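# Predicted model and sequence below, questions to follow.
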Amino acid sequence: MNGHAGGAGAQGPARDAATAAMAVKLEHATGIRPLLNVPLAKHTTMRVGGPADLMAVATDVASLAALVRFSRAAGLPCLVLGRGSDVVVADAGLRGLVILNRAEGARFDTERLMAEAGLPLARAATLAQHAGLSGLEFGLAIPGTVGGAVWANAGAHGSDVAAVLESVTVLRADGTEVVEPAAQLGLGYRDSRLKHSTGAGSAAPRVDERVQVGATGGVAEVVLSATFRLSRADPTTIKARLAEIHRWRQEHQPLSQPSAGSVFRNPPGDSAGRLIDACGLKGARSGGAQISEKHANFIVNAGGATAADIRRLAELARAEVGGRFGIDLAYEVQFIGDWSNWQQEVA
Ligand SMILES: Cc1cc2nc3c(=O)[nH]c(=O)nc-3n(C[C@H](O)[C@H](O)[C@H](O)COP(=O)(O)OP(=O)(O)OC[C@H]3O[C@@H](n4cnc5c(N)ncnc54)[C@H](O)[C@@H]3O)c2cc1C
């Protein structure tokens, strides 16, 4: 590992030795023992992806910041992973360090929820309901963390993070921690400034400008925690809203199969799902990957899919929609890790 972020870098025993040496340094510096060669499939909702050279789990904000600072100082490519619900990790895996964010603290102060970045957004929604606070109900639909949700300005059911976010604590590329008001984060449709921030040591550079949505390294700017401004409401009314959202999702999304949610962004005034459906692609397969019969903008892992299967099918959908409607669909999901040889992989 020599800072060659997404690429292969050193191979075989040399790489293993460098990884082992880095693991020792990491543990010495942070007190956190990393794991080596960790398959990422089980840490993503798509359930595909090869190994990360190193993985360390952050259980609180201090360890999250310490791990990021260490990787920057050591020139070690690093990616902060929440619940892995917006990513497709390459079959070749990811060189460098994955920081699994499990900093899940939360507390209320009158009508505010202060949440650490690893708190699942769905849990934030139910905690707020119990506290009689409304505004985060849409979060029940989003199987990611607070940090990933801020990064994406995640949204559903007529709301989004921008509607309720007051401020975030960000660990900047220069190592400072700052509290920034939401207005400074450039939150737009599934977008934020964080998606476009780059910094030394980013884990997965833009291997393909057309495919990547912004930079994919988590170390340029990292969300450590967020404060949401909510409003008082009757817990029973909020509970009914959560139940309605739950029912709607079960009906409209293929939740029993692994996926990464919507593959493509909706083009202005249209829906990617409608366009893919109109191309007759519902049910289309590539290896173990399938365009969902329930929702054409979802690609599901129907069993034994590889990351290359997913990408091949997604590229097919893009080409078909482009050919038929002249619309160039942009990816919502991120393809991260080492994609340098994916087209050589056998379908
Ligand atoms: C079944 C399903 C349904 C979904 N429905 C919706 C929906 O309705 N609306 C919607 O908006 N999304 C939806 N998604 C997509 C996804 O859940 C969201 O984008 C979510 O916000 C991703 O959070 P995560 O923690 O899983 O991020 P990850 O996938 O772990 O990471 C995504 C990116 O965010 C970066 N990141 C993560 N944490 C941080 C941090 N603390 N600081 C800086 N960068 C960070 C990562 O480095 C990575 O680049 C759905 C996904 C699935 C699987």
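Okay, I see it.
# what's the nearest residue to the residue sitting furthest away from the middle of the chain if we skip its chain neighbours?
Residue farthest from the centre of the chain, counting by C-alpha atoms, centre = their mean, is Asp234 at 32.2 Å. With sequence-adjacent residues excluded and distances taken as C-beta to C-beta, 6 or more residues apart in numbering, Asp234 is closest to Gly132, at 7.1 Å. In short, each C-beta sits where N, CA and C put it, glycine included.
# Quick check: the one you found touching Thr237?
No. Contact between Gly132 and Thr237 fails when scored by C-beta atoms under 8 Å: they sit 9.6 Å apart.
# who has more neighbours, the two?
Comparing Gly132 with Thr237 by other C-beta atoms under 10 Å, the one with more neighbours is Gly132, at 17 against 11.
# I'd like to check which residues are in contact with that one.
Gly132 is in contact with Arg232, Ala233, Asp234, Pro235, Ile238, counting by C-beta atoms under 8 Å, 6 or more residues apart in numbering.
# ok, it to the ligand distance?
According to C-beta to the nearest ligand atom, to the nearest Å, Gly132 and the ligand sit 24 Å apart.
# about what we covered before: what remains of the contacts of Gly132 if I keep only buried residues?
Buried members of those, scored by 16 or more other C-beta atoms under 10 Å, are Ala233, Ile238.
# Now, the contacts of Gly132 that are in strands?
Counted as lying in strands by DSSP state E, out of those, are Arg232.
# how many other residues sit next to the residue in the stretch 201-347 of the chain that the ligand sits nearest to?
When scored by C-beta to the nearest ligand atom, the stretch 201-347 of the chain has Gly261 as its residue closest to the ligand, at 2.5 Å. The number of residues packed near Gly261 is 22, by other C-beta under 10 Å.
# any weak-confidence spans in this structure?
In the predicted model, the chain carries pLDDT under 70 at residues 1-11, 198-219, 346-347.
# repeat that for 90
Counting by pLDDT under 90, the chain shows low-confidence ranges at 1-16, 173-175, 196-220, 341, 343-347.
# tell me the centre residue of it?
Most central in the chain (C-alpha atoms, centre = their mean) works out to Asp86, at 3.8 Å.
# shouldn't that residue be in contact with Ser259?
No. Counting by C-beta under 8 Å, Ser259 is not a contact partner of Asp86; they are 10.6 Å apart.
# Mind jotting down where the helices sit in the chain?
Secondary structure of the chain (DSSP state H): helices at 12-30, 61-74, 121-130, 146-152, 161-164, 235-252, 272-278, 307-325.
# Can you lay out these as TSV showing distance to Glu221?
Rendered in TSV, the data for the helices of the chain read as follows (distance: least, C-beta to C-beta, whole Å):
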stretch	distance to Glu221
helix 12-30	20
helix 61-74	10
helix 121-130	19
helix 146-152	9
helix 161-164	15
helix 235-252	30
helix 272-278	28
helix 307-325	26
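# residues from the stretch 1-150 of the chain in reach of the ligand?
Residues of the stretch 1-150 of the chain that fall close to the ligand, judged by C-beta under 6 Å from any ligand atom: 45, 79-87, 101, 117, 141-145, 147-149.
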